[in-house]
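>>> the amino acid sequence is not available; the structure is as follows:
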Ligand code: AMP
Ligand code: MG
């Protein structure tokens, strides 16, 4: 398939590209586009055939449901059946934004889109290009992250091109995204709302709005025995090619341990990869060292994490060791992604 790649700016040509992309979606085709979280791989969310195409393009298991993206508040009621008052309150507060809500689905939503479930995941993104495309494409766009299944989610159009060139009809290049990790998912199909995937909107922020909110038990337990409620969370996502291990503990001990591992590798004529922050960057004399951001500005760690993981796929490293990033607000979301990328491998020092 020939993939058309279009840069999106603030001009008439870009408006025309978005309009054409909308036509492609209406005809059942696939368009990758920027959102504020990560790039999405869009198809018509009300068309079972488009859902099948999305699964095929990503190589995603079809029991892993898709999020439907809307761009008008009133469209929420068209694809759901019964929105609890708490969900409406949360939508008022955080939509448009990096929040996905799981609600009972309406009949018009095909089971192909929801991975066979009776519930549907809905998000109203804040990214202007995403909003325009959703409206141009009919209003209901199913869009998982625009990566090949198992690879880190894309935060630039280049990442999308690496994974999906020739697999989609069009890629809208809106530059780098704003947040860099996927939306917070909150399940409203039970009495007490449950976080199925942590994201930019934290547990504390949700509790402030809703009162009682739980974390899915599958997220709290570490290791492969965990059974998360969001089907997609059980897969080993975001994985770099080299084996990744997290080193956790007091900062000086972490630095010493990673340096010891780098030294050992070097003596064998090998090299390890190291993921650190700006504060510790100068402390690693050996190995290939990549900085994901600054601890002073936790958003920067989230924004560059996937990019760093992807970059290591282009490096000759035998293993990757990462510092732990238990930062105050986004730490839960960052560590959720990092632990999955590491297949939950951790060294405590
Ligand atoms: P992605 O599309 O790559 O951002 O991943 C979407 C995530 O939402 C996956 O982990 C899905 O399993 C989860 N998800 C989507 N729809 C539902 C649903 N109806 N119930 C529970 N989890 C869902
Ligand atoms: Mg994904």
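Noted; the coordinates are in hand. What you are looking at is a predicted structure, and each value in this text was computed from that prediction instead of being measured. Ligands and ions are numbered 1, 2, ... in the order given.

>>> okay, CA-based contacts and neighbour counts for the rest of this
Will do.

>>> how about the residues of the stretch 1-150 of the chain by ligand 1?
Applying CA under 6 Å from any ligand atom, we find that the stretch 1-150 of the chain lies next to ligand 1 at 64-67, 102, 114, 117, 119-121, 144-145.

>>> quick check on those residues: which are buried?
Among those, those scoring as buried are 64-67, 102, 114, 119-121, 144-145 (criterion: 16 or more other CA atoms under 10 Å).

>>> export the residues you listed to CSV and tack on pLDDT and secondary structure?
As requested, these are exported to CSV (pLDDT from 0 to 100; DSSP: H, G, I helix; E, B strand; the rest coil):
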residue, pLDDT, secondary structure
64, 91, coil
65, 95, coil
66, 97, coil
67, 98, strand
102, 98, strand
114, 97, coil
119, 98, strand
120, 98, strand
121, 98, strand
144, 97, coil
145, 97, strand
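
>>> number of residues surrounding residue 54?
Residues lying near residue 54 (other CA atoms under 10 Å) number 27.

>>> what helix or strand does it sit in?
Per DSSP states H and E, residue 54 falls inside helix 48-58.

>>> and residue 315, by the same measure?
Using DSSP H and E, residue 315 sits in no helix or strand.

>>> neighbours of it, how many?
Using other CA under 10 Å, residue 315 has 14 other residues around it.

>>> can you list the residues of the stretch 151-300 of the chain near ligand 1?
182, 230-233.

>>> farthest pair in those?
Greatest spatial distance among those (CA to CA): 182 and 231, at 15.1 Å.

>>> show me the contacts for residue 111.
Contacts for residue 111 (CA atoms under 8 Å, 6 or more residues apart in numbering) come out as 48, 117-118.

>>> looks to me like it is in a strand.
No: using DSSP: H, G, I helix; E, B strand; the rest coil, the assignment for residue 111 is coil, not a strand.

>>> and the closest residue to ligand 1 within the stretch 51-200 of the chain, what does it touch?
The nearest approach of the stretch 51-200 of the chain to ligand 1 comes at residue 144, 3.0 Å away (CA to the nearest ligand atom). Contact partners of residue 144, counting by CA under 8 Å, 6+ apart, are 40-42, 66-67.

>>> now residue 262
271-272, 286-287.

>>> that one and residue 112, how far apart?
Look at residue 262 and residue 112: by CA to CA, to the nearest Å, they are 47 Å apart.
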